[in-house]
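A.B. asks: take this sequence and fold it.
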Amino acid sequence: MVTVGLAFISALVGWSGTAALAAYAQRRPSAASIGWLIAALGMTVGLSAAVIGAMFDFGELTFRLFQIGVSLLGPLYMAWGAFEYAVRAPMVRFASRLLLSALTIVPLVVFGVDRLSGQFAAGFPAFSDHYDLIPRVLLGVTQGLAAVLLLTALVAVARRRSAVKGPDTAVVGLVALGTLLSVVVGRFGLDALGPLLMLGAVSALWGAAALAVSPRRDRYEDDDYYYDDEYYYGADEDDLEDLPEEPVRRKRRNAESYDDLYDGPPRSQASKAKGVITIYTIADGQVPAFDQLASAVVAEVSRNEPDTLLFASHTVSGAQQQRIVYAIYRDDLAREEHEQQPHVLEFQRRSAGVVVATNVIELSLSEAAAAEGLPAMLMPR
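C.D. replies: Residues are numbered from 1 along each chain as shown. Down below sits the predicted model:
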């Protein structure tokens, strides 16, 4: 009865997690969220079959459903979802989808019709106790692919810049944990311990998906607080002096002026303005989602970044899947400040799911001519 109770709790948590993942996939559709939803659904159906098997002893149908969900669909699609979440190269992602299709259809057919052997009992059954050589080989190939996908995803997030590396590493790490637990239960059964490990696998996947879709804010390097404009509303002038200040803004305030270093202002000096052109190639069907994200970040830049002199998103005639974002900053410090803003970090995180390629061109202003009022026309404040 202990195994029955634990299996029932695992299945109940699995159905709850599947519902949550379905909501995530509907709110922010992406290949990663769809892959994790398939993994959760497969494992939950397998755990539901395991509840029946634990109550009345496993049979051919409950055993097949359990192993297809826990040993095949769960690990394979958890790993593929992590791969899609972390890797940006379009050709590599396309190749992974081809392999995924082949290593889903063929094992499904084999696991569903191959002859079973041995006697069933009420405990969680091990894969090798009842399947012959061919299903075992196919299982090894599919789980080997899952390991490669997870390793590639970990390498991809390890190469990202530090602002987003931590949360992304946590997401991939939780998915890897869930995959490992599911593989262990499918291969070894483990009787009453099996439901507990599957409860951990489902919870890890659920946590990874929740972390992947949750908004993130940047924690400043040497402050214990977040910079939040809400702190400023309704505050007295004396109170404002004690509020936490962003490191980059503190650098600008503490920077010595030219007049402090030399006798009077310079007669002529080169412009410190910096420009950045970013070319985004957007995935099929994701252009409206990217445009919505771009519109939101442009509005935030307009409201909150006085030292970002120009920030504009352009469409490209004849290339509907491309967008060009052009920015001009007052100086290097202004660009650094821009890149640390919470709305910029959130744009980078959300757009990663709809962009297949990004090219960045950095510029230093040499000569320029602009009509009066151009910034006000492009970025009304």
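
A.B. asks: so where's the stretch 51-200 of the chain uncertain?
C.D. replies: 160-165 (pLDDT under 70).

A.B. asks: right, and residue 325 touches residue 315 too?
C.D. replies: No - here residue 325 does not reach residue 315: they are 11.1 Å apart, not a contact under C-beta atoms under 8 Å. Where C-beta positions appear, they are placed from N, C-alpha and C, glycine not excepted.

A.B. asks: out of the two, which sits in the busier spot?
C.D. replies: residue 325 (19 against 11; other C-beta atoms under 10 Å).

A.B. asks: listing partners with orientation, what would you give for the helix or strand encompassing the more buried one?
C.D. replies: Residue 325 is part of strand 322-329, with elements assigned from DSSP states H and E. Strand pairing for strand 322-329, determined by DSSP bridges: strand 274-282 (antiparallel), strand 308-315 (antiparallel).

A.B. asks: avg pLDDT for that strand?
C.D. replies: Mean per-residue pLDDT for strand 322-329: 92.

A.B. asks: how about residues contacting that strand?
C.D. replies: Residues outside strand 322-329 that contact it (C-beta atoms under 8 Å, 6 or more residues apart in numbering) are 273-282, 290-291, 294, 307-316, 335, 338, 365.

A.B. asks: from the chain's centroid, how far away is that strand?
C.D. replies: 24 Å (C-alpha atoms, centre = their mean, to the nearest Å).

A.B. asks: give the next helix or strand downstream of it.
C.D. replies: helix 332-339.

A.B. asks: quick one on the thing from earlier: can I get the strands paired with strand 322-329 in TSV including mean pLDDT and distance to residue 130?
C.D. replies: Converted to TSV, the strands paired with strand 322-329 look like this (pLDDT from 0 to 100; distance: least, C-beta to C-beta, whole Å):
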stretch	mean pLDDT	distance to residue 130
strand 274-282	91	47
strand 308-315	90	57
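
A.B. asks: TSV for those, including distance to residue 108?
C.D. replies: Shown next, in TSV, are the strands paired with strand 322-329 (distance: least, C-beta to C-beta, whole Å):
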stretch	distance to residue 108
strand 274-282	32
strand 308-315	43
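
A.B. asks: so which of those gets nearest residue 93?
C.D. replies: Distance to residue 93, taken as C-beta to C-beta, is lowest for strand 274-282 among the strands paired with strand 322-329, at 12.7 Å.

A.B. asks: run through who's touching the helix or strand following the closest one.
C.D. replies: Of the helices and strands lying after strand 274-282 in sequence (DSSP H and E), the nearest is helix 287-304. Here helix 287-304 makes contact (C-beta under 8 Å, 6+ apart) with 229, 280, 282, 308, 311-313, 320-321, 323, 325, 338, 341, 343-344, 346-347, 350-351, 354-355, 379-381.

A.B. asks: show me which of those residues are buried.
C.D. replies: 280, 282, 308, 311, 313, 321, 323, 325, 338, 341, 343-344, 346-347, 350-351, 354-355, 379 (16 or more other C-beta atoms under 10 Å).

A.B. asks: how about the helices in the stretch 101-250 of the chain?
C.D. replies: Under the criterion DSSP state H, counting those that start in this stretch, the stretch 101-250 of the chain contains helices at 133-158, 162-188, 193-213, 237-240, 247-254.

A.B. asks: so the first one versus helix 162-188, what angle?
C.D. replies: If I follow you right, that is helix 133-158. Helix 133-158 runs at 170 degrees relative to helix 162-188, counting by axes from the mean of the first three to the mean of the last three C-alpha atoms, to 10 degrees.

A.B. asks: check which residues of helix 133-158 are buried.
C.D. replies: 135, 138-139, 142-143, 145-146, 149-150, 152-154, 156-157.

A.B. asks: do the second one as well
C.D. replies: Neighbour-count burial for helix 162-188 flags 163-164, 167-169, 171-188 (criterion: 16+ other C-beta under 10 Å).

A.B. asks: how many other residues sit next to residue 366?
C.D. replies: Residues near residue 366, counting by other C-beta under 10 Å, number 8.

A.B. asks: residue 273 versus that one, what's the distance?
C.D. replies: Noted for residue 366: a distance of 10 Å to residue 273, by C-beta to C-beta, to the nearest Å.

A.B. asks: for residue 16, which of the strands paired with strand 322-329 is the nearest?
C.D. replies: Using C-beta to C-beta, these put strand 274-282 closest to residue 16, at 33.7 Å.
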